[in-house]
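A.B. asks: here's my sequence, what's the structure:
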Amino acid sequence: MKPTNIKDPEYFHKVIDCQYACPSHTPVPEYIRLISQGKYDEAFKINWISNVFPGILGRICDRPCEPACRRTRVEETPVAICRLKRVAADFKSDSTDFMPEVPQEKNGRKIALIGGGPASLTVARDLLPLGYTIDLYDDQSKAGGFIRTQVPSFRLPEKVLNQEVDRILNMGVTTHFNHYIDNLQTIIDKGYDAIFVGTGAPRGRDLPNLPGRQEGDASIFIGIEWLASVLYRHVTSTPEKVLVLGGGNTAMDCCRTARRLGGEDVRVIVRSPRADMKASPWEIEDAEEEGIPIIDNHSPIDFVIEDGQLIGMHFQKMTADYDENGKRTLLPADEAPVFMACDQVILAVGQQNAFPFIKPESNIAINKYGLPELDETTYQSSVPNIFFGGDAAFGPKNVITAVAHGHQAAISIDLFCQGKDLHVRPAPWTNLVNQKMGIQDWMYDSQVSTDKRYAVPTVDRVKSLKNRLVEVELGFSKKTGHEEALRCLNCDVQTVFEHSTCIECDACVDICPEFCINFLENGDEEDLRTRLLAPADELSQSLYVSPPLPTGRVMVKDENVCLHCGLCAERCPTSSWEMMQFTYNSAVAGQK
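C.D. replies: Numbers count the residues shown, from 1 in each chain. You can find the predicted model right below:
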């Protein structure tokens, strides 16, 4: 193998598993380290620059960072990254020093944002400091998009939502609330320099062809519409027996909300096996802890109507068959249909995009999936000055993905308004700094905590189930947040090898607790992976290969196994190993 090019900004970025997995590439280890030092303002600022909504995402993020966490190499549970983000938001001061200056003199460019969700708000946050004039259109009375209408208050208090949203609106967004756009052409005709569409995936899937659907319509609800009705208090109670169909996070929100509105017998019914449910494991766990059973492998057959009233549903028991590629086929089991009594059914079987406001005269190309045809790098549509992001771009995802889209779309809009090539994009900002202070002294806390993941305290269940506005999770205290932060392995502090000073004494090999350092004859990657001291089975993570040493051997380190403990640097007699913090910040609009 050729020597590893550690100057490639993406090399060490990929080694910081949590940051790499985050769609917005938040510098996770850096803000966690600041929390461990009690520097909540600094930790909040890092989050706000990257993921924009620390208080919101510290509660409801889908947490793609946590399954990637390197802590799971040594124990079962990852660092509570999401909840630590909330620690930064909960304990920061009221200071606004981190807010960028918005120039009074504008640059003459006007941008329209259609939809007030996280993607649009991110675009506004990134473009306002550059002098753009921003107009936001939304059919609701407040901004927030699906975060406001679909996420229950017991998960995200309205006060927190308003603080995060208003922080951006108060930067100078001109809002047009309660403004439904039935034809995008009316916005195009206003002469905006660019238009960003962030309208989400506003339509919930129905089961229109299921027998009994029309007859039972008064007792059958679409999940996302029902949650919005609860928010606006059009729905204030539920009957005793409620069935929720679906296995995603919306289904979990629906069943827990129904439980709080009076449902005594609330059940979640899923077609697939439990292991294939799309809901986050912690959302499933929270529902079950509230006494809500989840019944898998049951496919709906019909709605049972008696004397014009919904009295239950029939389900067919299913079995899952997987082929050699892992593709699943659901097959009916040789069992009689199962009847489940109910007074109400909530359908949370998926969401889909709807663009009734995009008319043919707008000339926006729509693909066979009902989504706009977009450049996947720039988010530009077939109409050059119209961009999409969030769920409206590529279908339903999550908040942090919408934020990431907003950042990239803002870059594209800025480049477009300057007449520049949208594919010549600003590079990430990176830095590599030595962490050595003394023989065994570091600029960071290198000691690896042996603590298990800390549990977040919650409100008493009886109290919570009586009031849908009571937030269930209380969040970490400062003390617990400090202890949980120390579980982080500092994956942004890299082991950097200088081959020219190495004397091949193998001291680093002897002291490495994970057997990830090797000195051996070179070969191709497939060959090297078979000759390392520890199995190197994770092909997605790189091998760190040095230039040839005096003996002709090379140093090979499996980046997947390394825990960044720094013992190799402490033991090396020639300081050939150095611990160096690698900082990676994603590019933003206006970056030179």
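
A.B. asks: quick check: mean pLDDT across stretch 26-38?
C.D. replies: Per-residue pLDDT over stretch 26-38 has a mean of 96.

A.B. asks: please renumber the chain so that the first residue is 384 from this point on.
C.D. replies: Got it, the first residue is 384 from now on, which makes the last one we talked about stretch 409-421.

A.B. asks: buried residues, it. List them.
C.D. replies: By 16 or more other C-beta atoms under 10 Å, the buried positions in stretch 409-421 come out as 409-419. Placement of C-beta: from N, CA and C, glycine included.

A.B. asks: run through who's touching it.
C.D. replies: The contact list for stretch 409-421 (C-beta atoms under 8 Å, 6 or more residues apart in numbering) reads 399, 401-402, 405, 423, 425-426, 429-430, 433-434, 448, 462, 464, 467-468, 470-471, 827-828, 861, 864-865, 868-869, 871, 873-876, 966-968.

A.B. asks: gap between it and the chain center?
C.D. replies: How far stretch 409-421 lies from its chain's middle: 18 Å, per C-alpha atoms, centre = their mean, to the nearest Å.

A.B. asks: before we move on, what about stretch 762-775?
C.D. replies: 21 Å.

A.B. asks: now for Gln877: which residues touch it?
C.D. replies: 389, 395, 398, 815, 947, 962-965.

A.B. asks: most surrounded residue in the residues you listed?
C.D. replies: Highest neighbour count within those: Phe395, with 26 neighbours (other C-beta atoms under 10 Å).

A.B. asks: helix/strand/coil for the residue lying closest to it once chain neighbours are set aside?
C.D. replies: The shortest distance from Phe395 to any non-neighbouring residue, by C-beta to C-beta, 6 or more residues apart in numbering, is to Phe965 (4.1 Å). What DSSP: H, G, I helix; E, B strand; the rest coil gives for Phe965 is strand.

A.B. asks: need the strands for the stretch 584-733 of the chain, in chain order.
C.D. replies: Ranges of strands within the stretch 584-733 of the chain are 586-587, 603-605, 624-628, 648-652, 677-678, 681-689, 692-705, 711-715, 721-724, 727-730, based on DSSP state E, counting those that start in this stretch.

A.B. asks: could you find the closest non-adjacent residue to the most centrally placed residue in the chain?
C.D. replies: Geometric centre of the chain, nearest residue: Ile783, 3.9 Å, by C-alpha atoms, centre = their mean. Excluding the flanking residues, the one nearest Ile783 by C-beta to C-beta, 6+ apart is Pro406, at 5.2 Å.

A.B. asks: what is the burial count for that neighbour?
C.D. replies: A total of 21 residues lie near Pro406 under the criterion other C-beta under 10 Å.

A.B. asks: that one contacts Val782, doesn't it?
C.D. replies: No: if you go by C-beta atoms under 8 Å, Pro406 and Val782 don't touch, sitting 9.7 Å apart.

A.B. asks: outline the domain layout of the chain.
C.D. replies: 493-585+736-800, 587-734 (automatic domain parsing).

A.B. asks: got a markdown table for these, with distance to Cys899 and mean pLDDT too?
C.D. replies: Formatted as a markdown table, those follow (distance: least, C-beta to C-beta, whole Å; pLDDT from 0 to 100):
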| stretch | distance to Cys899 | mean pLDDT |
| --- | --- | --- |
| domain 493-585+736-800 | 30 | 96 |
| domain 587-734 | 29 | 95 |
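
A.B. asks: these: which one's closest to Thr455?
C.D. replies: domain 587-734 (13.3 Å; C-beta to C-beta).

A.B. asks: just checking, what packs against the helix or strand where the residue nearest to the centre of the chain lies?
C.D. replies: According to DSSP states H and E, Ile783 maps onto helix 782-800. With contacts defined as 3 or more C-beta pairs under 8 Å, 6 or more residues apart in numbering; DSSP states H and E, helix 782-800 has these neighbours: helix 437-443, helix 501-510, strand 577-580, strand 769-771.
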